[in-house]
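1. Need coordinates for the following:
(one chain, ligands or ions: 2)
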Amino acid sequence: MVIKQVALDIVCGVTSTLPDTGQPEVAFAGKSNVGKSSLINGLVNRKALARTSSQPGKTQTINFYHINDEMYLVDLPGYGYATASEEVKAQWGKMIERYLHTSANLKAVFLLIDIRHAPSVNDQMMYRWILEKGYHPIVIATKLDKIKRSQLQKHLKLIRTTLDMESGARILPYSALTKQGRDEIWELIDGLTGL
Ligand code: GTP
Ligand code: MG
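-> Ligands and ions are numbered 1, 2, ... in the order given. As a prediction, the model looks like this:
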């Protein structure tokens, strides 16, 4: 994908009506601080279009980034943000569920997992949830720059087994620092959206 134009077009809070964009959408889910917004910035070659933070809980809305007026990258709020109140957590969960359930244009859901750690119980639930909604989750293992190259296969295997991934399901390692993995992710998105 050659990025000619990108804009944050639609922002949805817990009470917003979700849009029917009429164009292909791909969404990025994952626990707070895993690197969803950083990945979107990397994909669109911008440093700070999607706001990022070392503090978890930065993205609290569903943000639709419009690419070349033809498709959307959708940044979902992170789960597992410990200091959020139970009420807020439940609202976010409902918002994400509502989106996965109702979007007519959603082509794929990427689940981001920090490559350094075994997926959490929340990650496992999210993986199952995406499957139940009828999508084949595609795992992106983020923060690739934080592990030694020699440890890569071990970490990928731990993610695969902990999530009990379907055989043939993809895991794509990515680093927001080096942009390693970026082209593979775009290739996949291009195939999924038919663009
Ligand atoms: P929420 O909006 O809270 O759900 O978080 P998020 O998933 O959008 O995470 P965000 O992109 O804001 O990144 C969180 C922190 O991790 C920031 O300090 C980023 O700079 C850092 N980070 C993200 N991706 C990478 C990566 O690939 N490598 C390294 N070293 N740091 C990363
Ligand atoms: Mg974010």
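
2. interface residues of the protein facing ligand 2?
-> With Cβ under 5 Å from the ion as the criterion, the chain comes near ligand 2 at residues 36, 37, 58, 59. C-beta: built from backbone N, CA, C; applies to glycine.

3. Who are the contact partners of the last one?
-> Read that as residue 59. 36, 37, 50, 51, 75, 76, 77, 78 (Cβ atoms under 8 Å, 6 or more residues apart in numbering).

4. which of the residues you listed count as buried?
-> 36, 37, 50, 75, 76, 77, 78 (16 or more other Cβ atoms under 10 Å).

5. My guess is residue 144 contacts residue 172. True?
-> No: between residue 144 and residue 172 no contact is recorded; they are 9.6 Å apart, counting by Cβ atoms under 8 Å.

6. Is stretch 145-154 in proximity to ligand 1?
-> Yes: taking Cβ under 6 Å from any ligand atom as the criterion, stretch 145-154 and ligand 1 are in contact, through 145, 146.

7. Quick check: neighbours shared by residue 144 and residue 172?
-> Between them, residue 144 and residue 172 share the neighbouring residues residue 181, with contact defined by Cβ under 8 Å, 6+ apart.

8. Now do the strands for the chain: every range, in order, please.
-> For the chain, the strands defined by DSSP state E cover 6-12, 25-30, 62-67, 71-75, 106-114, 138-142, 171-173.

9. now the ones you listed as JSON lines including mean pLDDT and distance to ligand 1?
-> Rendered in JSON lines, the data for those read as follows (pLDDT from 0 to 100; distance: least, Cβ to the nearest ligand atom, whole Å):
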{"stretch": "strand 6-12", "mean pLDDT": "94", "distance to ligand 1": "13"}
{"stretch": "strand 25-30", "mean pLDDT": "96", "distance to ligand 1": "6"}
{"stretch": "strand 62-67", "mean pLDDT": "96", "distance to ligand 1": "10"}
{"stretch": "strand 71-75", "mean pLDDT": "97", "distance to ligand 1": "7"}
{"stretch": "strand 106-114", "mean pLDDT": "97", "distance to ligand 1": "7"}
{"stretch": "strand 138-142", "mean pLDDT": "98", "distance to ligand 1": "5"}
{"stretch": "strand 171-173", "mean pLDDT": "98", "distance to ligand 1": "10"}
